[in-house]
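J.: Would you be able to build a 3D model of this:
(chains A and B)
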Protein chains: 2
Amino acid sequence: MIATGVDRVGMKHGAGGRAMRRLIEQVFLRGAGPAAAAMDDGAVMQLPGGGSLVVTTDSHVIHPIVFPGGDIGRLAVAGTVNDLAMMGATEPLGLTCAVVIEEGFPIGDLARIQQSMSDTCAEAGTQIVAGDTKVMRHGELDGIVINTAGVGLTWRPVRDRGARPSDVLIVTGTIGDHGMAVMAARNGFQFDGALRSDVAPLNGLVRAALSAGDVHAMKDPTRGGVASTLHEIADKARVGIVIRESAVPVRPAVRAAADLLGIDPLFIANEGKAVLAVPPSAADAVLAALRAHPYGRDAAVIGACLHDGPGTVVVDTGFGRRRLSEPDGELLPRIC
Amino acid sequence: MIATGVDRVGMKHGAGGRAMRRLIEQVFLRGAGPAAAAMDDGAVMQLPGGGSLVVTTDSHVIHPIVFPGGDIGRLAVAGTVNDLAMMGATEPLGLTCAVVIEEGFPIGDLARIQQSMSDTCAEAGTQIVAGDTKVMRHGELDGIVINTAGVGLTWRPVRDRGARPSDVLIVTGTIGDHGMAVMAARNGFQFDGALRSDVAPLNGLVRAALSAGDVHAMKDPTRGGVASTLHEIADKARVGIVIRESAVPVRPAVRAAADLLGIDPLFIANEGKAVLAVPPSAADAVLAALRAHPYGRDAAVIGACLHDGPGTVVVDTGFGRRRLSEPDGELLPRIC
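T.: Residues are numbered from 1 along each chain as shown, chains lettered A, B, ... in the order given. This is a model prediction of the structure:
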């Protein structure tokens, strides 16, 4: 008897929020041992010869497959490079790439996706080392699904549960760009010219940050946005979090679109940003290192971790404080 | 301009045969470097601390998801454990599991799949260390796709290109069981009671073989069957291959069904078998070790590698010799 409260999978179960976490806990982790209890999109394993192996996996179902600022190929490579980087493995050993394709999919599109993956690998200094190809009949799959798994080595693993009270929270740049660009592309919104996904491999940026100072926790705010990431950090490390709303960098076009649609940018997916929890003594150095990198120019301190209210996230609006809810699901299906 | 001769992906491009190989070469490996030129479902990477890291990936799209002898969960774990084992990594460090689920999929079925994965992991002595969950809308995906990637360590990597002239070819048991069981289940054939998939994790069996003697090349004959595997071994090692048809172990029920349908068992998919190329001096010891293991009881010498006719595969029927064609596609879509 599975206590998910429902008996069929719904869209929210794949949306990176509370509903997905509950499904994973109650189905995939049922009766599992301690290693699986830490189940996440990435894992760290000690190697006998020293160092740690980091392994991650991510399937990409984004629709449309080409969007302003990127495509599913760049997303698949950057997503996995970033998952590795978030755990401290900034020089990936290699990625695997497994594609499931709908019969009738244009081979020209496949070649463009391959080129985009290859270019993004080159930018990140890695490569695809193994692959798998499956085809489903026309109508059995809408287009293409790309799974990328990644392996990397690190001598200094970073965990998303490592945040400590008094840590400073830094976001590496503007938020909401990816989700808003995909939403605009999908719905043909007029303001879409100014909206571009931020999809990018962040391993170089993270390497710069880690060289500059100590980082206690790190996470990329993809599905569910910064709100979901802050809840994950607060929950796993049992700290409280307060952020200043006015300190969160948001591009004017994203702000305008979000206002128009009545969406809080904190809930919108990103594909080229990270949230870092850093001890106060290292904050200035880490922030400077981030800002010196092209992908970190708009990095900003957005808040801090506290002893009080473990597991809760509060937004200081300048006029008062409000609890930030944990997203139950993602606003937009197939955002990544 | 992609020289695949067609401009859209067809079912045969996902079928493990010649058409798939051509698609991979002409799309995925276009302009790729030497590492990608060895692109396969698995890769071997040297570790700085010594030893080699083996990485594999496989997406599973089998239909139906439950079939006589197994289900998609057992298949996903065994498939990846076997890919690792074929390269010499018989003690997997861990697997990743990324599921893409159709909205409305029964959560009870998901729980049964999870249980099956967990049981098969226990049998293979490994575990799922990281996961990802995505949901597509009803009608965008037929059921569920499961990707498993695997990582393992080895100090003695085995390659499928390692076969040498005069090597003895051993198959670890009866062939055609998986494909015939799935075909029967899908079509409601009357004889399906006697047909069961052989899906099983082979790392224990392979460990026994590697302890008994030298193994030059190893490959699991999944999509495209033993025929496809022999062609891959012959092609990659530039050796000729001759097999004796009467020496190939086939269960009576599989033989009967294959005869009825006019299919050569050599072309039918397996999920619990391996083909090994072994130097003559080690053949007896390796064969004995295989036969002493529950999954290798029916192991048999089926042929040999030759200097003559590099890249070709010949079947000795007892009455004469015929060239064995390389499968262009798999007989059955979504066999794994």
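J.: and A:Val286, how many residues sit next to it?
T.: 26 (other Cβ atoms under 10 Å in any protein chain shown). From N, CA and C alone the C-beta is placed, and that goes for glycine too.
J.: how about stretch A:314-327: buried residues?
T.: A:Val314, A:Val315, A:Leu324, A:Glu326, A:Pro327 (16 or more other Cβ atoms under 10 Å in any protein chain shown).
J.: Is that stretch positioned near chain B?
T.: No - using Cβ under 8 Å from any Cβ of the partner chain, stretch A:314-327 stays clear of chain B, with a minimum separation of 14.7 Å.
J.: what does the model give the residue lying closest to A:Glu140 once chain neighbours are set aside for pLDDT?
T.: In this structure, A:Glu140 finds its nearest non-sequential neighbour in B:Asp142, 4.0 Å apart by Cβ to Cβ, 6 or more residues apart in numbering or on different chains. pLDDT recorded at B:Asp142 is 97.
J.: ok, now A:Asn187?
T.: 84.
J.: got any ranges where the stretch 151-300 of chain A has weak pLDDT?
T.: Scanning the stretch 151-300 of chain A for pLDDT under 70 picks out A:191-193.
J.: Right, and chain B sits closest to which residue of it?
T.: Scanning the stretch 151-300 of chain A for proximity to chain B using Cβ to the nearest Cβ identifies A:Val151 as nearest, at 5.6 Å.
J.: name the helices or strands packed onto the helix or strand containing that residue?
T.: Per DSSP states H and E: A:Val151 is located in strand A:144-154. Counting contacts by 3 or more Cβ pairs under 8 Å, 6 or more residues apart in numbering or on different chains; DSSP states H and E, strand A:144-154 is packed against strand A:52-60, helix A:72-86, strand A:92-102, helix A:107-124, strand B:52-60, strand B:92-102, strand B:144-154.
J.: a markdown table for these, including mean neighbour count and distance to A:Asn147?
T.: Listed next are these as a markdown table, based on neighbours: other Cβ atoms under 10 Å in any protein chain shown; distance: least, Cβ to Cβ, whole Å:
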| stretch | mean neighbour count | distance to A:Asn147 |
| --- | --- | --- |
| strand A:52-60 | 25 | 4 |
| helix A:72-86 | 29 | 8 |
| strand A:92-102 | 25 | 4 |
| helix A:107-124 | 20 | 12 |
| strand B:52-60 | 25 | 6 |
| strand B:92-102 | 25 | 5 |
| strand B:144-154 | 27 | 4 |
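J.: Quick check: which of those is nearest to A:Pro252?
T.: Across those, A:Pro252 has its closest neighbour in helix A:72-86 (24.4 Å, Cβ to Cβ).
J.: Report the inter-axis angle for the closest one versus helix A:107-124.
T.: 30 degrees (axes from the mean of the first three to the mean of the last three Cα atoms, to 10 degrees).
J.: residues from the stretch 201-336 of chain A in reach of chain B?
T.: Residues of the stretch 201-336 of chain A lying near chain B (Cβ under 8 Å from any Cβ): A:Pro333, A:Arg334.
J.: The residue nearest to A:Glu140 against A:His138, yeah?
T.: No - in this structure, B:Asp142 is not within contact of A:His138 by Cβ atoms under 8 Å, at 10.9 Å.
J.: Would you map the helices across chain A?
T.: Counting by DSSP state H, chain A has helices at residues A:18-23, A:34-37, A:72-86, A:107-124, A:177-187, A:203-212, A:225-237, A:252-261, A:280-291.
J.: circling back: nearest residue to the residue of the stretch 151-300 of chain A closest to chain B other than its sequence neighbours?
T.: A:Leu93 (4.8 Å).
J.: mind listing what that neighbour touches?
T.: Shown in contact with A:Leu93 (Cβ atoms under 8 Å, 6 or more residues apart in numbering or on different chains): A:Thr126, A:Val129, A:Val151, A:Gly152, A:Leu153, B:Met45, B:Leu53, B:Val55.
J.: Adding distance to A:Ser118, write the residues you listed out as CSV.
T.: CSV is the format used below for the contacts of A:Leu93 (distance: Cβ to Cβ, whole Å):
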residue, distance to A:Ser118
A:Thr126, 11
A:Val129, 13
A:Val151, 18
A:Gly152, 19
A:Leu153, 23
B:Met45, 19
B:Leu53, 22
B:Val55, 18
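J.: what's the closest of those residues to A:Met86?
T.: A:Gly152 (10.7 Å).
J.: For the closest one, give me its contacts.
T.: A:Leu53, A:Val54, A:Leu84, A:Met87, A:Ala89, A:Thr90, A:Glu91, A:Pro92, A:Leu93.
J.: Could you give the bridge partners of it?
T.: Counting by DSSP bridges, A:Gly152 is bridged to A:Val54, A:Pro92.
J.: For A:Pro294, grab the count of nearby residues.
T.: Neighbour number of A:Pro294 under other Cβ under 10 Å is 8.
J.: Distance of it relative to A:Val215?
T.: 20 Å (Cβ to Cβ, to the nearest Å).
J.: next one: A:Arg238
T.: In terms of Cβ to Cβ, A:Arg238 sits 19 Å off from A:Val215.
J.: List just the nearest of the contacts of A:Leu93 to A:Phe105.
T.: Looking across those and measuring by Cβ to Cβ, the closest to A:Phe105 is A:Val129, at 23.8 Å.
J.: Verify the stated contact: that closest one with B:Leu53.
T.: No - look at A:Val129 against B:Leu53 with Cβ under 8 Å: they stay out of range, at 9.9 Å.
J.: Low-confidence stretches in the stretch 1-150 of chain A?
T.: Ranges of the stretch 1-150 of chain A meeting pLDDT under 70: A:1-5, A:30-39.
J.: how many neighbours does whichever residue of it sits closest to chain B have?
T.: Going by Cβ to the nearest Cβ, chain B is nearest to A:Gly49 of the stretch 1-150 of chain A, at 2.2 Å. Look at A:Gly49: counted by other Cβ under 10 Å, it has 11 neighbours.
J.: what's the nearest residue to it if we skip its chain neighbours?
T.: Per Cβ to Cβ, 6+ apart, closest to A:Gly49 is B:Gly49, 2.2 Å.
J.: OK, contacts around that neighbour?
T.: A:Leu47, A:Pro48, A:Gly49, A:Gly50, A:Gly51.
J.: Output these in JSON lines, with distance to A:Ser197 appended to each entry.
T.: Compiled in JSON lines, the contacts of B:Gly49 are given as follows (distance: Cβ to Cβ, whole Å):
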{"residue": "A:Leu47", "distance to A:Ser197": "35"}
{"residue": "A:Pro48", "distance to A:Ser197": "41"}
{"residue": "A:Gly49", "distance to A:Ser197": "39"}
{"residue": "A:Gly50", "distance to A:Ser197": "38"}
{"residue": "A:Gly51", "distance to A:Ser197": "33"}
